[in-house]
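**Student:** Structural data only, the sequence is not supplied:
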């Protein structure tokens, strides 16, 4: 069992890792990534890592971190989850700062929640996409606090993660994507940072857990036209990529097979792969010995939804490494990083507090 100092550091690492991935990935969202762009991204990180570079202006965070903050506050303030309260936090956060890059569909949900005074947290999201619900990665990008808070109660973690996702995303691909990310963060959190991760074993453990969820009761829980979109298959693809050496076609094949889009099934497994691939130094165009930097730099270098994929990969990596292993020079360029440290500490203290302290 890890000591409390290490676990607090890991809480901070996951929250900061998420923030940094979001802030540093946002400028490259949906840019055309060429070999030249990858060289530019290398210089971008080299420059930001220079201790003499002034941190102003900050790299701004997006809706990923805005909603992550609300998730953490929800868990800190309500020891027994109240999802109407979570909906109120989302609504308050959005209407106080609406220009954080929220998608139009989630904005529609927030408007309906406000109009109904958040009387039913789940109803607006159920009506999205003709009643099918959204399968975007919005649930996955913000789920890390749930993995941290309930890391010692796996079933409760999954239950809260699913319901918290349902406030905005009800399609099974969106829900299972959030569960997959939650599992990955929790699994990374439970590994002593002094121990080297076996990437294939880590991947296979996640595969077994998501397979159980997708086939619970002997029936598939996914609702998609092709098996290529299931998360258990995605994790098998991740495992296969981990066995391959890097070549000129590698990144293109990763994007084709795992994805780099805004849908959960086109981004969550990609984020997990970025973390696992970055554990070794077999990424020729990334020159750094820093595992966390390599994780988010690789996520950004794959293009597409760079802020969210780097945010998710950063949360997993930070949960494993802890705060001390994160590059402070990169961190100081990220908006509100000190607030995120405080939030992580409050989340840790709320997790550790005896139940009667809330009474």
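**Tutor:** Nice, thanks for sending it over. What you see is a predicted model; the values in this text were computed from it and never measured.
**Student:** so how many other residues sit close to residue 51?
**Tutor:** 7 (other CB atoms under 10 Å). Heads up, the C-betas are built off the backbone N, CA and C, glycines and all.
**Student:** That one belongs to a strand, doesn't it?
**Tutor:** No - checked against DSSP: H, G, I helix; E, B strand; the rest coil, residue 51 lies outside a strand; its state is coil.
**Student:** who's in contact with the helix or strand where residue 148 lies?
**Tutor:** Following DSSP states H and E, one finds residue 148 within helix 144-149. Contact partners of helix 144-149, identified using CB atoms under 8 Å, 6 or more residues apart in numbering, comprise 10-11, 14-15, 18, 68, 71-72, 74-75, 157, 160-161, 164, 181-183, 185-186, 189, 315, 319, 344, 347-348, 350-351.
**Student:** Which members of these are positioned in helices?
**Tutor:** 10-11, 14-15, 18, 68, 71-72, 74-75, 157, 160-161, 164, 181-183, 185-186, 189, 315, 319, 344, 347-348, 350-351 (DSSP state H).
**Student:** Find the residue at the geometric middle of the chain.
**Tutor:** residue 312 (2.5 Å; CA atoms, centre = their mean).
**Student:** where's the closest residue to it other than its chain neighbours relative to residue 196, distance?
**Tutor:** Closest residue to residue 312 apart from its sequence neighbours, by CB to CB, 6 or more residues apart in numbering: residue 271 at 3.6 Å. For residue 271, the distance to residue 196 equals 20 Å [CB to CB, to the nearest Å].
**Student:** Run through the stretch 201-350 of the chain and note the low-pLDDT ranges.
**Tutor:** Residue ranges of the stretch 201-350 of the chain with pLDDT under 70: 217-229.
**Student:** Kindly recompute the last result at 80.
**Tutor:** Confidence mapping of the stretch 201-350 of the chain against pLDDT under 80 gives the ranges 216-229.
**Student:** Could I get the full set of strands for it?
**Tutor:** Assigned by DSSP state E, counting those that start in this stretch, the stretch 201-350 of the chain shows no strands.
**Student:** those helices in it, which residues are they?
**Tutor:** Assigned by DSSP state H, counting those that start in this stretch, the helices in the stretch 201-350 of the chain fall at 231-242, 250-257, 268-278, 291-301, 306-321, 328-331, 337-352.
**Student:** now the angle from the third one to helix 231-242?
**Tutor:** By that I understand helix 268-278. Here the directions of helix 268-278 and helix 231-242 differ by 20 degrees (axes from the mean of the first three to the mean of the last three CA atoms, to 10 degrees).
**Student:** Check which helices and strands helix 268-278 sits against.
**Tutor:** With contacts defined as 3 or more CB pairs under 8 Å, 6 or more residues apart in numbering; DSSP states H and E, helix 268-278 has these neighbours: helix 172-189, helix 199-214, helix 231-242, helix 291-301, helix 306-321.
**Student:** follow-up on the earlier one: and the helices of the stretch 201-350 of the chain: which comes nearest residue 52?
**Tutor:** Using CB to CB as the measure, helix 328-331 is the one of those that comes nearest residue 52, at 9.2 Å.
**Student:** buried ones in the closest one?
**Tutor:** Using 16 or more other CB atoms under 10 Å as the test for burial, helix 328-331 gives 329-331.
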